[in-house]
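>>> curious how this folds, go ahead:
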Amino acid sequence: SRSWRENGGVSGRRRTSYRRLGMWLTRSVPGVLVLRHVFTPLDRAALRLTGGRRGLAPRVIPELLLTTIGRRTGRPRSTPVLYLRDGTRYVVVGSNYGRDRHPAWSSNLLAHPRATIQIGLHREALVARRATAQEFERYWPRLLEIWPGWNTYRRMTDREFRMFVLEPRTNALVEPWEDG
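Residues are numbered from 1 along each chain as shown. Alright, predicted model coming up:
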């Protein structure tokens, strides 16, 4: 049975003290800086140490480990991101905590759309594409239910956030050297 977190669940009713702390931190620029410079590096380290099975995000916040191919290096790059599940699709947003530049992982997806995700022990190969304007409008309110802090991040920058839809790869999209 899949957990609420693995399903990319959305519920404003599940409030833990940890989630309340996160929401409080996103209300101010200093709080966002703590999330950006302290929480995210520690979260990434926890995910690495546990083989992607457990990060610092509470289980009520859907988080996945996204691995992209570096656009300059060609090497795998992994980062924890929040997501929304929509059937077989995963929706992610490149907020970069309200910085004026896009997160590196979003630029990597534009250059190399093939990616893998890990949620707990589940690993999946996907292909990314930018969300359409209609999808952005449809997903944005649902994403805000997961992490209202994205509204704070939007106020911190004039940049439009990139939203990606990650979908299962078809055989036609898999490169020949990736066959088992």
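>>> so which elements touch the helix ranked longest in the chain?
Using DSSP state H to define each element, the chain has its longest helix at helix 133-146. Under the contact criterion of 3 or more C-beta pairs under 8 Å, 6 or more residues apart in numbering; DSSP states H and E, helix 133-146 touches strand 84-86, strand 89-94, helix 149-155, strand 162-168. All C-beta spots, glycine's among them, are computed from the backbone N, C-alpha and C.
>>> and the ones you listed, which one is worst for confidence?
Lowest mean pLDDT of the helices and strands packed on helix 133-146: helix 149-155, a mean of 84.
>>> what is the burial count for Val165?
Neighbours of Val165 under the rule other C-beta atoms under 10 Å: 20.
>>> tell me which of the helices and strands packed on helix 133-146 lies nearest to Pro76.
strand 162-168 (15.7 Å; C-beta to C-beta).
>>> how much space between Thr170 and Tyr90?
Going from Thr170 to Tyr90 by C-beta to C-beta, to the nearest Å gives 16 Å.
>>> quick revisit: which one of the helices and strands packed on helix 133-146 has the most crowded surroundings?
strand 89-94 (a mean of 23; mean count of other C-beta atoms under 10 Å).
>>> quick one: low-confidence parts of this structure?
Applying pLDDT under 70 to the chain picks out residues 1-29, 32-33, 36, 40, 44, 52-60, 171-180.
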